[in-house]
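Visitor: give me a model of this one.
(4 chains)
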There are 2 protein chains.
Amino acid sequence: MSVTIRDVAKAAQTSAATVSKVMNGSGSISQATIDRVEQAMRDLGYHPNARARNFARQSTKMVLFLTTLGKNAGFSNPHMFEMMSGMEEALAKKGYLLCVKSIAAEEACGFVEKIFDSKEADGVVLHASIISPAMDELVAVREIPHIVIGIPDFPSHFSWIDIDNRLGGELAARYLLQCGYCSLAFLGGRQEDRISGHRLEGVLSVLNEHDVLIPGGHLRRGASDCDSGYAMTEELLSQKERPDAIICANNYIAYGCVMALKEHGEVIPEDIGVIAFDEYPLSRILKPMLTVVDIDVFDMGYQTGKCILSKIRKPNLTVRYYSTLPSVLERESTRKKVI
Amino acid sequence: MSVTIRDVAKAAQTSAATVSKVMNGSGSISQATIDRVEQAMRDLGYHPNARARNFARQSTKMVLFLTTLGKNAGFSNPHMFEMMSGMEEALAKKGYLLCVKSIAAEEACGFVEKIFDSKEADGVVLHASIISPAMDELVAVREIPHIVIGIPDFPSHFSWIDIDNRLGGELAARYLLQCGYCSLAFLGGRQEDRISGHRLEGVLSVLNEHDVLIPGGHLRRGASDCDSGYAMTEELLSQKERPDAIICANNYIAYGCVMALKEHGEVIPEDIGVIAFDEYPLSRILKPMLTVVDIDVFDMGYQTGKCILSKIRKPNLTVRYYSTLPSVLERESTRKKVI
DNA sequence: CTGAAAGCGCTAACAT
DNA sequence: ATGTTAGCGCTTTCAG
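Guide: Numbering: from 1, shown residues only, chains lettered A, B, ... in the order given. I've put the predicted structure just below:
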């Protein structure tokens, strides 16, 4: 058996309670005793048993990240993992551990209930894809320390954190105008793609504010892939009124767009400017390198980690906000700013 | 306070010990008692307290994955997360939880020691980048259930699991020969890049076996990026003796290579074939889509998970092997097989 | 087949 | 400032 708090107490000629107080900095212990206890701990190579400690304290110093993983999750959604890295960093600073658990949306609610019934974790971070009204009710009634990544798409009591995609759209549009482009186009994902939709809203609000009109034909939506980006760009170029800058709702659309522009002999960024969203995975790989509106995903994870920690302290605290502002990374696909 | 085992015992008119046995399937309990106990558990909505259970059993049902994360880890190394997803799936099947913890290589050894002194985890998965001779000694002496991801580059007692990159190289070369290409070239990463080196070894062994000579000029090494791939390809094309197929050690080199070939008017795959390694992130995005040698990273993680579980059961079991064989994914950058 | 009893190692309320 | 005491909720002998 390994060395316990009682062994240390004996060696330091004191009681277990005192040793505990020394470890947890209770304050009211004389320096002499502290020294003796610490010496004894060192001599014996003592390490408090985490399991016993969790049990006695009724806490695990662990938060669970629940999302749906499975094959290809790592490749198709690196953002999630970048966030996890940020969360881990925030949690580690306070001595918390981060566990990941893959769960299907249907099972998520039951699982969260079980986790808190059995007290396996101190808090949960929920990916927006697995939340439900039932989960909302559960979390509210039981006051479960939680935070949802992604703004819920139904009315709820959840605490959540998200990226402000609308603001991102505003930044993109404003930036292009500042570069001297004056006829913008937007290539987005399908109607159901909320992210793309929010980005478009932001764009439109800026144009509206600047009294810039955008012809209907310059607003196109399609699949979120390269081929679709290519096709939408061709459509754009075939119109009588052509844009001098294109906002692409994501990297893949931008890739197709750039390819089409090049094939048509358009020079980027002189003839036509291109701006996209997100650094990853292509913005720095394409020629020309893309100017993008990006957010610091790691930082967002870090914010999430800090959030869940404060929810663990005060479970009834409600948090809802857009963390981590987007910003423009200037590169080669847009002209230099003139303003 | 929530409902405990004693509440269940009382409701089922039996003892806590019996309830425990029912939960853990001790066998020697009458069906009648089992029914009563299960009924009581359901009636009371009982869920065993995981912390108390961990404490009493002296196990946490948790394995810790240690690696260095930090900013950009998610984007620059999606493979790691794909593996994690696989590990989680294997662990979840046996009721284990996966925790992730970022740690610098220098601190890793001390941290692992602390984890096992304080019994925070039942086992650890170590990324090869954080192992050291000191860690080897620690793990061996203390019989710490562990598995290293990546073959150690120094003599050690570690259990490890890795990808067989040499075999991957063999597959690539063999495949090209089967397609009727007969003059191969290899574009690799820098000398220090062990993965690239192993892939090259595999290529050479096949060529040797087939008595195919490869001119020195067809073996090039450079940075593992697009520009380097581009430059190396131009060098290749400027030689008197030109290859009819190029093996690119990674996706980025392949991207530069394809770009250079296109600019020189070479038709892929007719004039020159291109094969690369790994699906991610570009192989299906480039035009033409790349034929690649790929491995199932999720599966590798799954194997790793199963491995660590068996090590937890038998810590002195040694495991060392190349899990998950690579295979060729045929796409557009190579001719159809003729054999 | 069942139950009483003795912890697992630490914390925290309460005395002193 | 320190020690005593009583758990935390479950598992596991060991007797019956």
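Visitor: for chain A, what helix or strand is lowest in average pLDDT?
Guide: strand A:320-322 (a mean of 85; mean pLDDT, DSSP states H and E).
Visitor: can I see the domain layout of chain A?
Guide: The record assigns chain A these domain ranges, following automatic domain parsing: A:62-163+A:297-326, A:165-294.
Visitor: these: which one's closest to chain B?
Guide: Closest of the domains of chain A to chain B is domain A:62-163+A:297-326, at 3.0 Å (criterion: CB to the nearest CB). C-beta: built from backbone N, CA, C; applies to glycine.
Visitor: quick check on A:Leu219: phi, psi?
Guide: Backbone torsions of A:Leu219, given as degrees, to the nearest 10, read phi -110, psi 110.
Visitor: which ones are touching it?
Guide: The contact partners of A:Leu219, taken as CB atoms under 8 Å, 6 or more residues apart in numbering or on different chains, are A:Ala185, A:Phe186, A:Gly188, A:Leu200.
Visitor: so what pairs up with it in the strands?
Guide: A:Phe186 (DSSP bridges).
Visitor: now do A:Ser102
Guide: Counting by DSSP bridges, A:Ser102 forms beta bridges with A:Thr67.
Visitor: which residues does it contact?
Guide: A:Thr67, A:Thr68, A:Leu69, A:Gly70, A:Ala73, B:Ser85, B:Glu88, B:Glu89, B:Ala92.
Visitor: so where's the stretch 1-150 of chain A shaky on pLDDT?
Guide: A:1, A:27 (pLDDT under 70).
Visitor: quick one: distance of the least confident helix or strand of chain A to the chain centre.
Guide: With CA atoms, centre = their mean, to the nearest Å as the basis, strand A:320-322 stands 12 Å off its chain's centre.
Visitor: farthest pair within the contacts of A:Leu219?
Guide: The largest separation in the contacts of A:Leu219, counting by CB to CB, is between A:Ala185 and A:Leu200 at 11.2 Å.
Visitor: more neighbours, those two?
Guide: The neighbour count for A:Ala185 versus A:Leu200, taken as other CB atoms under 10 Å in any protein chain shown, is higher for A:Ala185 (27 against 23).
Visitor: you'd agree the more buried one is up against A:Leu236?
Guide: Yes. Using CB atoms under 8 Å, A:Ala185 is in contact with A:Leu236, at 5.5 Å.
Visitor: any shared contact partners between those two?
Guide: A:His218, A:Arg220, A:Pro243, A:Ile246.
Visitor: from A:Ile272, how far off is the third one?
Guide: Think A:Pro243. Distance, A:Pro243 to A:Ile272, using CB to CB, to the nearest Å: 7 Å.
Visitor: these two: which is more packed in?
Guide: More neighbours surround A:Ile272 than the other of A:Pro243 and A:Ile272, with 25 against 22 (other CB under 10 Å).
Visitor: what comes up buried for stretch A:192-200?
Guide: A:Asp193, A:Ile195, A:Ser196, A:Gly197, A:His198, A:Arg199, A:Leu200 (16 or more other CB atoms under 10 Å in any protein chain shown).
Visitor: try stretch A:37-49
Guide: A:Val37, A:Glu38, A:Ala40, A:Met41, A:Leu44, A:Tyr46, A:His47, A:Pro48, A:Asn49.
Visitor: what does the strand or helix carrying the fourth one contact?
Guide: To tie it back to what came earlier, the one meant is A:Met41. Per DSSP states H and E: A:Met41 is located in helix A:31-44. Outside of helix A:31-44, the residues within contact range by CB under 8 Å, 6+ apart are A:Val3, A:Asp7, A:Val8, A:Ala11, A:Ala12, A:Gln13, A:Thr14, A:Thr18, A:Val19, A:Val22, A:Tyr46.
Visitor: among the buried residues of stretch A:192-200, which one lies nearest to B:Ile144?
Guide: Closest to B:Ile144, out of all of those and judged by CB to CB, is A:Ile195, at 43.9 Å.
Visitor: for the closest one, what are phi and psi?
Guide: Torsion angles, degrees, to the nearest 10, at A:Ile195: phi -60, psi -50.
Visitor: burial check on the residue nearest to it when sequence neighbours are not counted, number of neighbours?
Guide: What sits nearest to A:Ile195 in space, not counting adjacent residues and going by CB to CB, 6 or more residues apart in numbering or on different chains, is A:Asn165, at 5.2 Å. Applying other CB under 10 Å, we find 24 other residues in the vicinity of A:Asn165.
Visitor: give me the distance between A:Arg6 and A:Asp35.
Guide: From A:Arg6 to A:Asp35 the distance is 19 Å (CB to CB).
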